[in-house]
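1. sequence plus predicted model, see below.
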Amino acid sequence: MVKASLFVSTYEMPKHLELVLAGLSRQSLTDLELWICDDGSGPETTALIERYKKEAPFRVEHVRQEHDGFRKCRILNTALRQAQ
């Protein structure tokens, strides 16, 4: 049972996202789901997320939209509708 849903937004900053994911890996709470909301990042970000999914002790979902200006809220709302 998921106790919490965590939403992280990203756009073309894979090094910063990697630091956030490293911090989450060290948390003791594992009954959560992580939604990475991507506003059109490139393949480096997708590869990072795919690697992280294999190691994470909790559910990780990646929702992505094509970049067409600043639409962070749109992708966050997309993930929010899908979260448990």
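-> Nice, thanks for sending it over.
2. now stretch 34-45 - C-alpha only, CSV.
-> Extracted as CSV, the C-alpha positions of stretch 34-45 are listed here (Å, rounded to 0.1, in the frame of the first residue of the first chain):
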residue,chain,number,x,y,z
LEU,A,34,7.8,8.6,-7.1
TRP,A,35,6.5,10.4,-10.2
ILE,A,36,9.2,12.1,-12.3
CYS,A,37,7.4,14.8,-14.3
ASP,A,38,9.5,15.7,-17.4
ASP,A,39,8.7,18.8,-19.5
GLY,A,40,10.6,17.5,-22.5
SER,A,41,14.1,16.6,-21.5
GLY,A,42,16.4,14.7,-23.8
PRO,A,43,17.6,11.1,-23.8
GLU,A,44,20.2,11.6,-21.0
THR,A,45,17.4,12.3,-18.5
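3. beta partners of the residue most central in space within the chain?
-> For the chain, Ile36 is the residue whose C-alpha lies nearest the centre (C-alpha atoms, centre = their mean; 1.4 Å). On the basis of DSSP bridges, Ile36 is bridged to Val8, His62.
4. contacting residues around it?
-> Val8, Thr10, Leu17, Ile49, Val60, Glu61, His62, Val63 (C-beta atoms under 8 Å, 6 or more residues apart in numbering). C-beta coordinates here come from the backbone N, C-alpha and C atoms, glycine included.
5. how much space between Ile75 and Gln27?
-> Noted for Ile75: a distance of 24 Å to Gln27, by C-beta to C-beta, to the nearest Å.
6. an error on my part: the question was meant for Ser9.
-> Distance check for Ser9 against Gln27: by C-beta to C-beta, it reads 19 Å.
7. what do you get for Pro43?
-> 27 Å.
8. what of Ala79?
-> For Ala79, the distance to Gln27 (C-beta to C-beta) stands at 20 Å.
9. neighbour-wise, which of the two wins?
-> Neighbours were counted for Ala79 and for Gln27 using other C-beta atoms under 10 Å; Ala79 has more, 20 against 11.
10. now that one, what's its secondary structure?
-> helix (DSSP: H, G, I helix; E, B strand; the rest coil).
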